[in-house]
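Give me coordinates for this.
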Amino acid sequence: MSALALTAHDFRRDGHRIAKIGTPLECGIYPKVSHHAKCLDDLARSDSKHVLYYQEACRYWVKAMVGLPFFKRNGKRMDPPHGRTVCFDSEEAVCYAACLSNSSLFYWFYSAFADCEHINDALLRGFPIPGDWGRVAWKILYKKLADDLARNATRKVIQTKQGHTIEYDEMKALLSKSVIDAIDAELGGLYGLTPNETDFIVNYDVKYRMGTADDEE
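Numbering: from 1, shown residues only. Reported below is the predicted structural model:
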């Protein structure tokens, strides 16, 4: 049984990133996503109270949120390591960025152009956005996602080899897939994807992503 699919394309980013896509359907999705002149970085600012935090390491689920996640070392609250932040110009913009970052659409894009282990800051900031991105109620959608992620999170306490006590919330994004699917449905409309294309994105790599309940970090 064939397990390898290939298709010809000339999709590149930054002059050297060759898209890892292998189906004609994906060849139809990429131009719809990439042709927009603006990118997420156009909504960013050097400093503001509207902060997106995302974890650099990524296997099957992006971990991104508005504000900093809970993290303590030796009983003291601090910024978590191995994460990055991006400031945005409004609450609506940062909620859009958080929804987009957690979406299967972004995961597909990341899988096509990244190393499938780390989220490159330039790749996230460079994600193309439509001029009318604000026509969706992103604050409402993000609140649903944030509430669901918090409800499914587990507080963990671990001891490091250096003798530190670390407390953090372990997120299980796969348990919030129905909310993420609703986000992808809105993104599909925003980027002009067909129902078949949106269905492909919602179910992209789903067999492996949904089988990682104990392997999300």
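
so how far is Leu25 from the residue nearest the centre of the chain?
Nearest to the mean C-alpha position of the chain, by Cα atoms, centre = their mean, lies Ser101 at 2.6 Å. Per Cβ to Cβ, to the nearest Å, Ser101 is found 23 Å from Leu25. From N, CA and C alone the C-beta is placed, and that goes for glycine too.

If you count neighbours, what's buried in the helix or strand containing the residue nearest to the centre of the chain?
Following DSSP states H and E, one finds Ser101 within helix 91-102. Using 16 or more other Cβ atoms under 10 Å as the test for burial, helix 91-102 gives 92-102.

same question, stretch 144-157
For stretch 144-157, by 16+ other Cβ under 10 Å, it's 144-146, 148-149, 153.

So which of those residues belong to strands?
Nothing among the buried residues of stretch 144-157 maps onto strands, per DSSP state E.

Tabulate those residues (JSON lines), appending pLDDT and distance to His118.
Shown next, in JSON lines, are these (pLDDT from 0 to 100; distance: Cβ to Cβ, whole Å):
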{"residue": "Lys144", "pLDDT": "98", "distance to His118": "28"}
{"residue": "Leu145", "pLDDT": "98", "distance to His118": "23"}
{"residue": "Ala146", "pLDDT": "98", "distance to His118": "24"}
{"residue": "Asp148", "pLDDT": "97", "distance to His118": "25"}
{"residue": "Leu149", "pLDDT": "97", "distance to His118": "21"}
{"residue": "Ala153", "pLDDT": "94", "distance to His118": "23"}
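
Among those residues, give me the pair with the biggest separation.
Maximum pairwise distance among those (Cβ to Cβ): 15.0 Å, between Lys144 and Ala153.

I'd say Cys58 and Leu123 touch.
No: the criterion here is Cβ atoms under 8 Å, and Cys58 misses it with Leu123 at 10.8 Å.

list the residues that contact both of the two?
110, 114 (Cβ atoms under 8 Å, 6 or more residues apart in numbering).

In contact with Gly211: list those residues for me.
Gly211 neighbours (Cβ under 8 Å, 6+ apart): none.

What separation is there between it and Arg59?
12 Å.

again, but for Leu100
19 Å.

Val202 too?
Val202 is 19 Å from Arg59, by Cβ to Cβ.

Please identify which of those two sits among more neighbours.
Shown here are Val202 and Arg59; by other Cβ atoms under 10 Å, Val202 has more neighbours (20 against 13).

Thought Asp184 was touching the more buried one, still the case?
Yes: counting by Cβ under 8 Å, Val202 touches Asp184, with 5.2 Å between them.

re the thing from before, mind giving me CSV with the buried residues of helix 91-102 and columns for distance to Leu40?
As requested, the buried residues of helix 91-102 are exported to CSV (distance: Cβ to Cβ, whole Å):
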residue, distance to Leu40
Glu92, 13
Ala93, 9
Val94, 11
Cys95, 13
Tyr96, 8
Ala97, 6
Ala98, 11
Cys99, 11
Leu100, 7
Ser101, 9
Asn102, 13
